[in-house]
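Undergrad: A predicted structure for the sequence below; I have some questions about it.
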Amino acid sequence: MKKNIAIIMGGYSSEYKISLDSGNVVYQNLDNTKYNAYRIHIFKDKWVYVDDNNTEFAIDKNDFSVTINGTKTTFDCVFNAIHGSPGEDGFMQGYFKLLNIPHTSCGMYQAGLTFNKRDCLSVLKPYGILTAESFYINLGDTINEDAIIDKVGLPCFVKANKAGSSFGISKVHKKEDLQQAIDHAFKEDDEIIIESFLDGTEVSVGVITYKGETKVLPITEIVSENDFFDYEAKYLGKSNEITPARLTQTQEEQVNTVAKKVYEVLKMKGFSRSEFIFKNNQPHLLEINTVPGLTTASILPQQAKVAGISMEALFSNAIEEALL
C-alpha cells in the first residue's frame, strides 16, 4: 500500500521562494509507485494542501490532516523542504514529534542548535572543530567598532545569526562600513555574529544518512564571481560550483573526517550541508544547513549525482530512513 507523504514547503523567512522550488522538485521526483505525494504550503497566514490545479485545502493543525471532498487524509511521513523558520529551526520538528509523525529532517534540538550559528560553533569547539574568530552582538547592544576590529580584524563578515541563503550578510573592508553592515544584518535577526575573514578555498560538504550509514558525499568547491558566496552567487549563477572539489588527497580526507565528525557528534539525521574554508591547510567550519536546497541546481543534489545517487533515490532514501 502506498504511503501518504506530505512535502512541506514555504515557511516564514526570506527563503520561502527557494523552499517552494525545493519542495516542487521533491514532488516531481518522488516515486509515485511507492508514495502519494501532497504539496503542503506552510505560511504564517495559512497551512494548505495545494493540488495540481492549485486548489487549496486547509490543513487541520490539530492532527496535521487534510479533508478533500469530504475524505480525511493523514500522512505517514513528512518530507521537510522548508529552509529557515519554521522548518529548519526546530519548530516543525517539535510539532511533528508531538503528533508522532515521522519526518525526513533532524531532531528538534539539532535543528534549533544548528540554526543558531553562534551556539552551534560554541558547542563544536570543544570537539576540536576549527572556526573563525568571532564577535557577538544583540539588538540594542552598544556598538564598539574598535573592539570588534581588534577581535576579528578586517576584512570581516557580518552575519545574521539565524538566517540562511546568505540573507543579512555583508563583507566589510573598512571600519566606516561596519555600522551599515550591522544594520543590514539586524533586518534579518536580532542577533549578529561577526567573523574574521578566512582567505582560502571554500568547500561545501553534504553528509546524509544513506541506507543506514553516515555517508559523506563528494565535496563541492565554491568559486564565487562576487566578493563572497552571497545570494547572487548561490542562486543567480554568479558562482562556479565544482564537484568534486579541486583538493589534495590530504585536504579531502581532512574535511571528510571533520564533516562526518560534526554530523555524528551532533547526532544528526537526514540531510546536512556544512560549509568550510581552508586556512593554513586546515578546514574551518562556517555553518551547517539541515534543510539544504534540493533543486536540480542545488549543491547537495549535485553531489549526490556525482556519487551515483539519483534524485528519486535520494528522496526515497530520506523517507525510508524516517520511517524506520
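TA: Okay, I see it. Residues are numbered from 1 along each chain as shown.

Undergrad: report the longest helix in the chain, please.
TA: When the chain is scanned for its longest helix (criterion: DSSP state H), the result is helix 249-265.

Undergrad: Point out the other elements, helices or strands, that the very next helix or strand once past it touches.
TA: Next in sequence after helix 249-265, counting helices and strands by DSSP states H and E, comes strand 271-279. Packing partners of strand 271-279 (3 or more CB pairs under 8 Å, 6 or more residues apart in numbering; DSSP states H and E): strand 202-210, helix 249-265, strand 282-289, helix 299-306. Bear in mind the C-beta positions are built from the backbone N, C-alpha and C, glycine included.

Undergrad: Mind putting the ones you listed into TSV with mean pLDDT, mean neighbour count and distance to residue 114?
TA: TSV is the format used below for those (pLDDT from 0 to 100; neighbours: other CB atoms under 10 Å; distance: least, CB to CB, whole Å):
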stretch	mean pLDDT	mean neighbour count	distance to residue 114
strand 202-210	97	24	12
helix 249-265	98	17	9
strand 282-289	96	21	4
helix 299-306	97	22	15
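
Undergrad: out of these, nearest to residue 30?
TA: Nearest to residue 30, of all the helices and strands packed on strand 271-279, is helix 299-306, at 13.8 Å by CB to CB.

Undergrad: Let me know the outermost residue of the chain.
TA: Within the chain, residue 70 marks the point farthest from the mean C-alpha position, 36.9 Å out by CA atoms, centre = their mean.

Undergrad: Next one: it from residue 55, what distance?
TA: Look at residue 70 and residue 55: by CB to CB, to the nearest Å, they are 15 Å apart.

Undergrad: Select the helix or strand of this protein having the lowest average pLDDT value.
TA: helix 231-235 (a mean of 49; mean pLDDT, DSSP states H and E).

Undergrad: and after that helix, which helix or strand comes next?
TA: strand 239-242.

Undergrad: quick one: strands adjacent to that following strand?
TA: strand 220-224 (antiparallel) (DSSP bridges).

Undergrad: Export the partner strand to PDB, keeping only CA atoms.
TA: The C-alpha coordinates for strand 220-224 follow below in PDB (Å, rounded to 0.1, in the frame of the first residue of the first chain):
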ATOM      1  CA  THR A 220      31.900  20.900  -3.800                       C
ATOM      2  CA  GLU A 221      34.400  23.700  -4.300                       C
ATOM      3  CA  ILE A 222      32.800  27.200  -4.300                       C
ATOM      4  CA  VAL A 223      34.300  29.800  -6.600                       C
ATOM      5  CA  SER A 224      32.200  33.000  -6.400                       C
END
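
Undergrad: ok, residues contacting it?
TA: Contact with strand 220-224 is made by 201-206, 229-230, 233, 238-247, 299, 302-303, as judged by CB atoms under 8 Å, 6 or more residues apart in numbering.

Undergrad: okay but residue 125 is in contact with residue 131, surely?
TA: Yes: counting by CB atoms under 8 Å, residue 125 touches residue 131, with 6.5 Å between them.

Undergrad: So between the two, which is more surrounded?
TA: The residue with more neighbours, out of residue 125 and residue 131, is residue 131; 20 against 12, by other CB atoms under 10 Å.

Undergrad: okay, the angle between the longest helix of the chain and strand 282-289?
TA: 40 degrees (axes from the mean of the first three to the mean of the last three CA atoms, to 10 degrees).

Undergrad: can you tell me which residues contact the residue nearest the centre of the chain?
TA: With distances taken as CA atoms, centre = their mean, residue 289 lies nearest the centre of the chain, 2.8 Å away. Remark: with contacts taken as CB under 8 Å, 6+ apart, residue 289 is in contact with 83, 88, 114, 164, 272-275.

Undergrad: and which of those is nearest residue 307?
TA: residue 273 (13.8 Å).

Undergrad: so what's the closest one bridging to?
TA: residue 206, residue 289.

Undergrad: quick one: it from residue 286, how far?
TA: Taking CB to CB, one finds residue 273 at 11 Å from residue 286.

Undergrad: strands paired with the helix or strand harbouring residue 41, and their directions?
TA: Assigned by DSSP H and E, residue 41 belongs to strand 35-42. Strand 35-42 pairs in its sheet with strand 3-10 (parallel), strand 47-50 (antiparallel), by DSSP bridges.

Undergrad: Deepest in the core, which of those is it.
TA: strand 3-10 (a mean of 24; mean count of other CB atoms under 10 Å).

Undergrad: so how far is that strand from its chain's centroid?
TA: 18 Å (CA atoms, centre = their mean, to the nearest Å).

Undergrad: got a list of contacts for it?
TA: Contacts to strand 3-10, defined as CB under 8 Å, 6+ apart, come from residues 16, 19-20, 22-24, 26-27, 30, 34-43, 64, 73-82, 87, 92, 319, 323.

Undergrad: again, only this time at 6 Å
TA: The contact list for strand 3-10 (CB atoms under 6 Å, 6 or more residues apart in numbering) reads 16, 19-20, 23, 26-27, 35-43, 75-82.
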